[in-house]
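K.L.:
predicted model and sequence follow; I will ask about them next.
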2 protein chains.
Amino acid sequence: MAKSKSAQSDTAADPSAKKVNLRELAEHLGLSVATVSLVMNRSPAAKSIPQQTQIRVRVAARELNYRPNAMARMLRQRRSFTIGVIVPEISEGYAALVLSGIEDHLLQEGYFYFVMSHRHKNDLIEEYPGLLQERGVEGLIFVDTTCSGRISVPAVAISGHRHVEGVTNITLNHTRAARLALDYLTEQGHRQIAFIKGQAFSSDTEVRWKAVRAAAQAAGLSIEEKLVVQLDSESPTSQPGYEAGRRLLENSKPFTALFSFNDISAIGAIRALREAGRRIPEDVSVVGFDDIQSAAFQNPSLTTIRQPLREMGMSAAETLLKRIANSPKDDYPRSIVVEPELVIRASTGRAAK
Amino acid sequence: MAKSKSAQSDTAADPSAKKVNLRELAEHLGLSVATVSLVMNRSPAAKSIPQQTQIRVRVAARELNYRPNAMARMLRQRRSFTIGVIVPEISEGYAALVLSGIEDHLLQEGYFYFVMSHRHKNDLIEEYPGLLQERGVEGLIFVDTTCSGRISVPAVAISGHRHVEGVTNITLNHTRAARLALDYLTEQGHRQIAFIKGQAFSSDTEVRWKAVRAAAQAAGLSIEEKLVVQLDSESPTSQPGYEAGRRLLENSKPFTALFSFNDISAIGAIRALREAGRRIPEDVSVVGFDDIQSAAFQNPSLTTIRQPLREMGMSAAETLLKRIANSPKDDYPRSIVVEPELVIRASTGRAAK
DNA sequence: ATCCTTTAATAAAACGGTTTATTTGCCCGC
DNA sequence: GCGGGCAAATAAACCGTTTTATTAAAGGAT
């Protein structure tokens, strides 16, 4: 912090005085706004302006505490340096990690971002991209949201899973993810494996389930219908997982392992299993998905398929900014695939029996 | 979704055609921009414009897919309908809940918001308010961040705990919070209670600790120095809590209960206690703070002092928008106090012995 | 006819910058 | 003594709205 004597109120120097604009600054200097603008922006056109004048301008700008008006500048340059991010909800877990990755990269590049969460309401999903574009965002990032409608700016979807013209998809290698989980479980001797599918609205649900079935087949496992349940409430908590766990138990088909759609629901399911007297992992091994921050601190700590969520966020931001920079050209990556990782913790072990 | 035939490419109707601006729309109509603007904004000055013309204008606007340029409008009206939110991090837990409350209210009122997270870096804390103001935000919300520097827009701080001119503070009734926790624990027969203090950088740390000491005194408890440890890493995970728990055990002073600074750290501490063979709650009762979404799904589920985090977020947004509306007048609430609530779950029970 | 009102609309000045094209000296070479 | 070139700066257009003051025509009252 600069040492500013707040007592000294007469100089135009430090107070949070009223805004001074370019015209006033120029008048104060006895120069034209054009000159001052060129200097302040270190425009190449300013090369013919002598150092001395440049310094004079900058000193005065500091003294008068000149701050260029962002809206005026945006209007003229037709750039907002703002991007829009659409997420299902600002929840614990998934979105929080992705957002922090996005933010990291954007702030570093001088961009700001708007967040809007739609809580799976279809009308909001339809409406938000338009609202953001009216606000002048230069690009959009969709997180776990299948984007629809006309989009006239570059866009990136994280786990979007639908090929939309103009949208770059960032997705996990689900095939590999499913194999990691099932191969590991079968290695541990599990053959009766239960599954919790994601909510219908989650864009990952279908592709992940397809991958699981393929992986099961490859591993010579057959998936019992009674060992498959689906999440169905839209709560972002572990409650849906808990309910799914209960349903699984009601089906009274024995199983020694559970592969759940995500960590949040795995945690809920574990609670249901426990209440029914099953010990984790002695009676049932549980594998989650995502590796959210709290997964490692569950009791027992959660074995899970890690998605590099922060990295996916960063990659989304990076890709988007590149696309914006190249804007008129429409050669852009359609798809970026990231790799999962099996993180073995304490919620899994060898099959009983 | 409107039924729009995407094949029909000749009419100017539906395609994501190039932007049409007010001037072009006016020309198309054979009217002046002024007239069109008045109609589109339903300005009171438009009352003298006949219904028929108004309809004509609106129909054409729809047909040409006219969207007013937000930057031009903001520049002219000198309003951005944007506010800035500064948080330590977009983490699981605390900030996520507060943010969702903030968002709820803001979107409802037609405002957008920028988020910036500083991860406790002092230079960023200094820098961000200025950056946001340069971006034209009409107000600022600080979450768990003591704001500094000159602020020339209305501001609200959640758990700011420092009286800063121009900032409304939203705080929890910590006195009551501490009493709820300690009265409950003493009722359960606990006398040897350990404490985990918050990190030095958290704005809640000091006032909460002061309240705890006062409550302890009121309950006739003395706080043993060896039973107090402080969180000290800046990780937003449970790791610092885990480390704090270990330190507590190393001090080898017996205790039957632990009151931790927040849920995240309580979860870490529980892990440390467990590793040392202590059962929760049979050997040690643990009380957290915040009631983040995952608290209810811990194993055992976490007894905690609930802060109404979403409500605090909503209240912050509401207060801020009210202040913006009244802007020139500087009578504003200095402080808003919200009440905590004791949520008893399974991590606490009667003292052993 | 004259003056006032009302209706329907417009011209033009903001808002606060950026940027292109142009001006004004001034020095240099011949 | 004059055209050319350069240095230093500026005028003015532009970005796309909003909003105030003004105009133009028509109708009504006196």
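P.N.:
Arrived safely. Residues are numbered from 1 along each chain as shown, chains lettered A, B, ... in the order given.
K.L.:
same for the helix or strand harbouring residue A:130, what does it pack against?
P.N.:
Residue A:130 is part of helix A:122-134 when elements are defined by DSSP states H and E. With contacts defined as 3 or more Cβ pairs under 8 Å, 6 or more residues apart in numbering or on different chains; DSSP states H and E, helix A:122-134 has these neighbours: strand A:82-87, strand A:112-117, strand A:139-143. Heads up, the C-betas are built off the backbone N, CA and C, glycines and all.
K.L.:
could you point out which of those sits nearest DNA strand D?
P.N.:
Between DNA strand D and the helices and strands packed on helix A:122-134, the tightest spacing by Cβ to the nearest atom of the strand is seen for strand A:82-87, at 16.0 Å.
K.L.:
could you give the angle of that closest one to strand B:82-87?
P.N.:
Per axes from the mean of the first three to the mean of the last three Cα atoms, to 10 degrees, the angle that strand A:82-87 makes with strand B:82-87 is 60 degrees.
K.L.:
show me where the stretch 201-350 of chain A has helices.
P.N.:
With DSSP state H, counting those that start in this stretch as the criterion, the stretch 201-350 of chain A has helices at A:205-218, A:239-250, A:263-275, A:309-325.
K.L.:
before we move on, the earlier item: so which of the helices and strands packed on helix A:122-134 is the most packed in?
P.N.:
strand A:139-143 (a mean of 28; mean count of other Cβ atoms under 10 Å in any protein chain shown).
K.L.:
can you list the strands that the helix or strand that comes right after it pairs with?
P.N.:
Counting by DSSP H and E, the next helix or strand C-terminal to strand A:139-143 is strand A:155-158. Sheet pairing for strand A:155-158, assigned by DSSP bridges, gives strand A:139-143 (parallel), strand A:167-172 (parallel).
K.L.:
with mean pLDDT added, can I get those in TSV?
P.N.:
Formatted as TSV, these follow (pLDDT from 0 to 100):
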stretch	mean pLDDT
strand A:139-143	97
strand A:167-172	96
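K.L.:
export those strands to CSV and tack on distance to residue A:159?
P.N.:
Shown next, in CSV, are the strands paired with strand A:155-158 (distance: least, Cβ to Cβ, whole Å):
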stretch, distance to residue A:159
strand A:139-143, 7
strand A:167-172, 6
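K.L.:
for those strands, give me JSON lines that also has distance to DNA strand C.
P.N.:
Formatted as JSON lines, these follow (distance: least, Cβ to the nearest atom of the strand, whole Å):
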{"stretch": "strand A:139-143", "distance to DNA strand C": "20"}
{"stretch": "strand A:167-172", "distance to DNA strand C": "27"}
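K.L.:
ok, residue A:229 to chain B distance?
P.N.:
Counting by Cβ to the nearest Cβ, to the nearest Å, the gap from residue A:229 to chain B is 18 Å.
K.L.:
please disregard the earlier target; I meant residue A:142.
P.N.:
In this view, residue A:142 and chain B are 17 Å apart by Cβ to the nearest Cβ.
K.L.:
and that residue, bridged to which residues?
P.N.:
On the basis of DSSP bridges, residue A:142 is bridged to residue A:86, residue A:157.
K.L.:
report the contact partners of it.
P.N.:
Taking Cβ atoms under 8 Å, 6 or more residues apart in numbering or on different chains as the contact definition, residue A:142 lies against A:86, A:155, A:156, A:157, A:158, A:160, A:167.
K.L.:
hmm, which of those residues is lowest in pLDDT?
P.N.:
pLDDT across those is lowest for residue A:160, at 91.
K.L.:
mind showing which ranges of chain A have poor pLDDT?
P.N.:
A:1-17, A:92, A:353 (pLDDT under 70).
K.L.:
can you do 90?
P.N.:
A:1-19, A:45-48, A:91-93, A:147-150, A:161-162, A:234, A:327-331, A:352-353 (pLDDT under 90).
K.L.:
quick check: most distant residue from the centroid of it.
P.N.:
Centroid-distance maximum for chain A: residue A:30 at 49.3 Å, with Cα atoms, centre = their mean.
K.L.:
now the phi/psi pair for the closest residue to residue A:285 other than its chain neighbours, please.
P.N.:
Closest residue in space to residue A:285, ignoring its immediate chain neighbours: residue A:348 at 3.8 Å, by Cβ to Cβ, 6 or more residues apart in numbering or on different chains. Backbone torsions for residue A:348, taken as degrees, to the nearest 10, come to phi -130, psi 150.
K.L.:
contacts only, for residue A:348.
P.N.:
A:184, A:185, A:188, A:257, A:281, A:285, A:286, A:287, A:303.
K.L.:
show me the residues you listed that map onto strands.
P.N.:
Counting by DSSP state E, those place A:257, A:285, A:286, A:287, A:303 in strands.
K.L.:
show me what the fourth one is bridged to.
P.N.:
Legend: beta-bridge partners of residue A:287 under DSSP bridges are residue A:259, residue A:303.
K.L.:
pick out the residue nearest the middle of chain A.
P.N.:
residue A:98 (2.8 Å).
K.L.:
ok, and for the host helix or strand of that residue, which residues are buried?
P.N.:
Secondary structure from DSSP H and E places residue A:98 in helix A:94-108. Applying a neighbour-count criterion of 16 or more other Cβ atoms under 10 Å in any protein chain shown, one finds A:94-107 buried in helix A:94-108.
K.L.:
chain center to it, what's the gap?
P.N.:
6 Å (Cα atoms, centre = their mean, to the nearest Å).
K.L.:
quick one: contacts of it?
P.N.:
Residues from elsewhere that reach helix A:94-108, judged by Cβ under 8 Å, 6+ apart: A:83, A:85, A:87-90, A:112-113, A:115, A:117, A:141, A:143-144, A:158, A:262, A:264, A:290, A:292-293, A:309-318, A:321, B:89-92, B:96, B:115-117.
K.L.:
what do you get for stretch A:121-136?
P.N.:
For stretch A:121-136, the external contacting residues (Cβ under 8 Å, 6+ apart) are A:74, A:80, A:82, A:84, A:86, A:114, A:116, A:118, A:140, A:145-149, A:151-153, B:1, B:67-71, B:112.
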